[in-house]
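**Student:** Fold the following, please.
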Amino acid sequence: MTLYMLDLCSGIGGISLAAEWAGIKTVAHCEIEPFCQKVIKKHWPDTPFFKDITDITKETLIERGVNVDAIRIVSAGYPCQPYSLAGDQLGSEDERFLWDKVFRVVREVDADWFVGENVYGHVNNGLSDVVADLEKENYEVECVVLPASAVGAPHKRERVFIIARHTRSKPSLQKNTSVSTFRSEWQAWQSLTWKHWREVSELHWSVPEPGICRVDDGVSKKLDKSRLIALGNAVVPQQIYPVFEAIARWS
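**Tutor:** The predicted structure is shown next:
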């Protein structure tokens with residue numbers, strides 16, 4: 001059975017690509033940055049596209065031909081600037097703060113799963129609010145921090161992944177089930193997917209060696225700013241892939 005996902009704050013599509021590897025189909029994208037929009041439209045030309053998250057409602061999704069009732073997952077790599085250790089760490093006071101708008105869509109779509117991604121700085125800045133918001137909507141939430149180097153990438157890029165499953169999608173667990181029981185289930189699927197995770201990373205990190213006097217661990221000085229920013233904000237698909245692999249197994 002195909003699972004369907006709404007991808008918010010899509011960037012250049014790293015989350016959608018990882019979901020696609022796990023057999024999950026993205027039914028709509030949303031991204032405000034012009035360069036990222038071009039990348040998304042190139043690789044998912046037939047998928048409905050929204051430029052601004054404030055434009056997304058159940059009604060507008062339906063108007064674009066999206067079967068909202070079929071959406072099982074909402075994902076979002078929402079802006080990291082409010083939380084990044086490289087910035088002012090203003091959290092919800094930052095003009096680029098979008099969690100409230102992402103959460104509005106999560107509530108309105110009412111999918112079985114929410115999958116979020118952000119920088120490590122989010123752990124001590126705003127993450128507890130995100131978890132509390134989701135729990136108020138009857139989602140059980142687990143968060144995990146993983147570096148890209150854990151899946152074979154030649155850089156660290158630590159990211160926190162937020163995985164929330166609505167309690168109605170877990171008939172085997174009653175409302176009084178402890179958090180420790182849920183965490184045990186979580187650890188079980190992590191072990192189950194680890195071998196496959198490594199196989200995927202080895203498959204997709206094939207980088208040809210450069211010519212004489214060149215290096216393979218950086219980017220060209222000629223790379224324009226919009227592309228550089230897009231790469232800096234992008235989600236490494238191999239990092240988040242096992243999340244979608246596990247969701248596909250469970251669903």
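**Student:** Report the helix or strand with the lowest average pLDDT across this protein.
**Tutor:** When the helices and strands of the chain are scored by mean pLDDT, DSSP states H and E, helix 179-204 comes last with a mean of 52.
**Student:** so where do the strands sit in the stretch 1-150 of the chain?
**Tutor:** Using DSSP state E, counting those that start in this stretch, the strands of the stretch 1-150 of the chain run over residues 3-8, 24-30, 49-50, 71-76, 113-119, 139-147.
**Student:** Out of those, flag the one nearest residue 65.
**Tutor:** Evaluated over those, closeness to residue 65 peaks at strand 24-30, with 9.0 Å, by CB to CB. All C-beta atoms are positioned from the backbone trio N, CA, C, and that covers glycine.
**Student:** So, low pLDDT: which residues of the stretch 101-250 of the chain?
**Tutor:** 170-225, 228-229, 232 (pLDDT under 70).
**Student:** Helices along the stretch 1-150 of the chain, start to end?
**Tutor:** Counting by DSSP state H, counting those that start in this stretch, the stretch 1-150 of the chain forms helices over residues 14-21, 34-43, 58-63, 99-109, 127-136, given from the N-terminal end onward.
**Student:** Of all the ones you listed, which one is nearest residue 233?
**Tutor:** Minimum separation from residue 233 across the helices of the stretch 1-150 of the chain (CB to CB) falls at helix 34-43, 8.2 Å.
**Student:** who does the closest one touch, helix- and strand-wise?
**Tutor:** strand 49-50, helix 225-233 (3 or more CB pairs under 8 Å, 6 or more residues apart in numbering; DSSP states H and E).
**Student:** related to what we said a few turns ago, make a markdown table out of the strands of the stretch 1-150 of the chain and add mean neighbour count and distance to residue 169.
**Tutor:** Compiled in a markdown table, the strands of the stretch 1-150 of the chain are given as follows (neighbours: other CB atoms under 10 Å; distance: least, CB to CB, whole Å):
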| stretch | mean neighbour count | distance to residue 169 |
| --- | --- | --- |
| strand 3-8 | 24 | 11 |
| strand 24-30 | 22 | 15 |
| strand 49-50 | 18 | 25 |
| strand 71-76 | 24 | 8 |
| strand 113-119 | 25 | 7 |
| strand 139-147 | 17 | 10 |
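**Student:** May I see these organised as TSV, with distance to residue 86 added?
**Tutor:** Compiled in TSV, the strands of the stretch 1-150 of the chain are given as follows (distance: least, CB to CB, whole Å):
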stretch	distance to residue 86
strand 3-8	23
strand 24-30	25
strand 49-50	28
strand 71-76	21
strand 113-119	9
strand 139-147	16
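**Student:** For residue 162, find the nearest of these.
**Tutor:** For the strands of the stretch 1-150 of the chain, proximity to residue 162 was assessed by CB to CB; strand 113-119 is nearest, at 3.7 Å.
**Student:** Walk me through which strands the closest one pairs with, and which way each runs.
**Tutor:** Strand 113-119 has these partner strands in its sheet, going by DSSP bridges: strand 71-76 (parallel), strand 158-166 (antiparallel).
**Student:** mind checking how far residue 65 is from residue 48?
**Tutor:** Using CB to CB, to the nearest Å, one gets 6 Å for the distance from residue 65 to residue 48.
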